[in-house]
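Participant: return a 3D structure for these sequence lines:
(one chain, ligands or ions: 1)
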Amino acid sequence: MTASSDRTDPVHCTPLSAARTRLRSRFTRLIVGAVALPAVLLGALQLATEHRSEREHLRAQLRVTTRLAATSTDQFINAHAAGVALLADTAAAHRETPDLARLRARYPAFLTALTADADGMIVELQPPVRGDHRGQSVADRDYFRVPAVTGQPYVSNAFIGRADDKDPLVGVSAPMHVDGRFVGIVEGSIRIDRFTTLRSAVLRERGQEMLIVDRDGKVIHASEGLPFRFLQPLADAAFLADAELDDGVGPTRLHKSVLRNGGDAWAAMTQLRSGWRVVLFAPTQPLVADLQRRAITLAALVLFAVLGALLVARWQLGRLARATGAVLDAMRALATDGRAARWQPDDIPRELRPVADAIGELVLRFNATSAQLREALTRQSALADSLRRTVESHERDIAERTARLQAANTELERLSQTDALTGALNVRGFHAWVENHTRDGALTVSAAVIMLDLDHFKAYNDAYGHPAGDRVLRRVAAAAQAALRDSADRLARTGGEEFAVVLPGADLGTARAVAERMREAVQALSIPHEVAATGRLTISLGIVAAEAGELLDSVLQHADDALYRAKRGGRDRVTG
Ligand SMILES: Nc1nc2c(ncn2[C@@H]2O[C@H](COP(=O)(O)OP(=O)(O)OP(=O)(O)O)[C@@H](O)[C@H]2O)c(=O)[nH]1
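Facilitator: A predicted model of the protein is given here:
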């Protein structure tokens, strides 16, 4: 639900997705920073420490092996030299011929053995199968000259055998003295491979190469991994440089490209009693290869650890995102609908439980408050309806009362301006008409005025009584009112039995016609009046026409004058 609503709601989707993305990249950086970096640093430190330790171990082991190799070689050579010396001494003491065959039998490493006289001429050579060399001279050989001069046993440098095999040899020799006189030497030649092959093989199995050089710095033996050949002069080689020997072994030093394969190697040198030097080389390549292998293993471990941590973080972030999405949905429902679904997260991390519980409580409270609010709104709405109905009813009453009041007022106004006896305008009503049709006493419209007066009315009252006079007044007024044609015309009772009629816009002719209709209408009433000459009640009328702007008082006076003339003229007539 969260994901879909996020997709369909760009307003809310973008910030939420961005937030999750930032959180994920932050987690990634955190894991890389907190796991990978320390692991790599610690691993590199560990590798460097181990590498240094193994290098030191290798160097120490190289020194030990060098010493062992030198010692065993020394013992081998010395043993054979001692054998030759013993044979020489024994033979000289007994004035016997040295038993070379016995010597070779005891020391099988001797390829040949010989005796030579004081002049260096070979007396005997063993084995005899190699040819008879008796009479040949070895006076040029070191193994003859040195013992002859020094009187001491001697270990030679390397040399090539004179036999057909041309074997690489070293010789050990010892002088013979009879009665203090040098009489010759005993010499044994040892094929070099007799004391190097096995040692080289063992050392090579341990990853080391062996070099033996003689006192002149020429190669006696170089194992297969070294690029040196027999008798190659190496006196100037760095690994043979004089060094202070510690317990018989010089310091181990690293030498570049010293191996046959071009590789580097640590080298340790020691010197034998014979003056030979033994140098052992320990290639660095296995150490480097081991370091590379460990580094690759470490990198793989770190990589797997980081990937695992990222997977776990991604899984946890997914849970967090789902829980957060549910929270947002609940909050969004609150914000948009004003309602909240029941908050029941079932897959929320324990750490977020307090937040979820707080939101759940918030939702419950919100729902309760919302329900109360709705109820209050419903009550308020009902109350408002009732109030509105009451107000409307009151307004209707007021309107009706106002209408009645206005009607009453209108009626009152009409009555206040109406003569109660005749129904014509009274003096107040006539003044109201005057106010509407004059300004400063002058007419604002043209108008005709008729002044109407009952003839001999006093006599009528006297003859018929005042109430009968009232009835006559009422009938005359009704007849006069009936004679009016225009709705704007007005009949007003201006005195006891005197009426004024105003006809807006009318001319004198019209006024006369109206007045005549009135007179005739009264005549037609045939109200008996014994005192009147005609025997019936009549009326006299004076008429006048005025233009707008004439003073009303003056107009009324003219009309009154005309009425007077009608009276004086014999009554029952219209005079203008
Ligand atoms: N019955 C009755 N009589 C009224 C009323 N108002 C005025 N009169 C009488 O009308 C009479 C008017 O008399 P006069 O002014 O002398 O006029 P007249 O008698 O009509 O004589 P002429 O006008 O000259 O014809 C008086 O006697 C008044 O009492 C009224 O409302 N009712």
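Participant: switch to C-alpha atoms for all contacts and neighbour counts from now on
Facilitator: Fine.
Participant: could you give the number of residues near Ile192?
Facilitator: 20 (other CA atoms under 10 Å).
Participant: give me the pLDDT value at the residue nearest to it when sequence neighbours are not counted.
Facilitator: Nearest residue to Ile192 in three dimensions, chain neighbours excluded: Leu169, at 5.3 Å (CA to CA, 6 or more residues apart in numbering). The model reports Leu169 with a pLDDT of 92.
Participant: could you pull up the contacting residues of Leu169?
Facilitator: Ala158, Phe159, Ile160, Gly161, Ser189, Ile190, Arg191, Ile192 (CA atoms under 8 Å, 6 or more residues apart in numbering).
Participant: for whichever residue of the stretch 251-400 of the chain sits closest to the ligand, what are phi and psi?
Facilitator: Using CA to the nearest ligand atom, Glu400 is the residue of the stretch 251-400 of the chain that sits closest to the ligand, at 38.5 Å. Dihedral pair for Glu400: phi -60, psi -50, per degrees, to the nearest 10.
Participant: for it, give its distance to Arg568.
Facilitator: Here the criterion is CA to CA, to the nearest Å. By it, Glu400 lies 56 Å from Arg568.
Participant: next SSE after the strand or helix carrying Gln46?
Facilitator: Gln46 belongs to helix 37-93 when assigned by DSSP states H and E. Per DSSP H and E, helix 37-93 leads on to helix 100-106 as the next helix or strand towards the C-terminus.
Participant: in its sheet, what does the helix or strand following that next one sit against?
Facilitator: Under the assignment DSSP H and E, the closest C-terminal helix or strand after helix 100-106 is strand 110-117. Here strand 110-117 has these sheet partners by DSSP bridges: strand 122-126 (antiparallel), strand 181-191 (antiparallel).
Participant: next one: strand 110-117 to chain centre, how far?
Facilitator: Taking CA atoms, centre = their mean, to the nearest Å, the mean C-alpha location of strand 110-117 is offset from the chain mean by 94 Å.
Participant: swap in stretch 409-421?
Facilitator: Worked out by CA atoms, centre = their mean, stretch 409-421 lies 89 Å from the chain centre.
Participant: helix or strand with the lowest mean pLDDT in the chain?
Facilitator: One helix or strand of the chain scores below all others by mean pLDDT, DSSP states H and E: helix 2-8, with a mean of 41.
Participant: make CSV out of the strands paired with strand 110-117 and add mean pLDDT, mean neighbour count and distance to Asp453.
Facilitator: Formatted as CSV, the strands paired with strand 110-117 follow (pLDDT from 0 to 100; neighbours: other CA atoms under 10 Å; distance: least, CA to CA, whole Å):
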stretch, mean pLDDT, mean neighbour count, distance to Asp453
strand 122-126, 91, 21, 204
strand 181-191, 95, 24, 190
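Participant: using JSON lines, lay out these together with distance to Ala60.
Facilitator: As requested, the strands paired with strand 110-117 are exported to JSON lines (distance: least, CA to CA, whole Å):
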{"stretch": "strand 122-126", "distance to Ala60": "44"}
{"stretch": "strand 181-191", "distance to Ala60": "31"}
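Participant: so which of those gets nearest Val84?
Facilitator: Closest to Val84 of the strands paired with strand 110-117 is strand 181-191 (CA to CA; 6.4 Å).
Participant: now the angle from the closest one to helix 37-93?
Facilitator: Interaxial angle of strand 181-191 relative to helix 37-93 (axes from the mean of the first three to the mean of the last three CA atoms, to 10 degrees): 140 degrees.
Participant: right, and the helix or strand after strand 181-191?
Facilitator: Helices and strands here follow DSSP H and E; after strand 181-191, the next one along the chain is helix 193-205.
Participant: flag every residue of the protein that's near the ligand.
Facilitator: By the rule CA under 6 Å from any ligand atom, the part of the chain lying against the ligand is 454-459, 461, 466-467, 469-470, 496-497.
Participant: mind giving me the PyMOL select for those, buried ones only?
Facilitator: Per 16 or more other CA atoms under 10 Å, the buried members of the residues of the chain next to the ligand correspond to this PyMOL selection:
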select buried, resi 454+455+456+457+461+469+497
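Participant: of all the residues of the chain next to the ligand, which two lie farthest apart?
Facilitator: Top of the distance list for the residues of the chain next to the ligand (CA to CA): Asp455 and Pro467, 17.1 Å.
Participant: in three-state terms, label the residue in the stretch 101-250 of the chain positioned nearest to the ligand for me.
Facilitator: Closest approach between the stretch 101-250 of the chain and the ligand, counting by CA to the nearest ligand atom: Gly207, at 163.4 Å. Under DSSP: H, G, I helix; E, B strand; the rest coil, the three-state class of Gly207 is coil.
Participant: how about it, phi and psi?
Facilitator: Taking degrees, to the nearest 10, you get phi 90, psi 20 for the backbone angles of Gly207.
Participant: the helices in this structure, which residues?
Facilitator: Assigned by DSSP state H, the chain shows helices spanning 2-8, 10-31, 37-93, 100-106, 142-150, 193-205, 285-336, 353-416, 427-437, 457-464, 466-483, 508-525, 552-568.
Participant: which residues touch stretch 275-294?
Facilitator: Residues contacting stretch 275-294 (CA under 8 Å, 6+ apart): 47, 51, 54-55, 58, 62, 65-66, 69-70, 207-215, 239-240, 259, 263-272.
Participant: which of the residues you listed are buried, as a ChimeraX select command?
Facilitator: Typed into ChimeraX, the next command selects the buried ones out of the contacts of stretch 275-294 (criterion: 16+ other CA under 10 Å):
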select :47,51,55,58,62,65,66,69,70,208,209,210,211,212,213,214,215,239,240,259,264,265,266,267,268,269,270,271,272
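Participant: what residue ranges in the stretch 1-150 of the chain score low on pLDDT?
Facilitator: Applying pLDDT under 70 to the stretch 1-150 of the chain flags residues 1-21, 23, 129-132.
Participant: now the stretch 251-400 of the chain
Facilitator: Along the stretch 251-400 of the chain, segments meeting pLDDT under 70 span 327, 330-331, 333-349, 352.
Participant: thanks a lot, see you next time.
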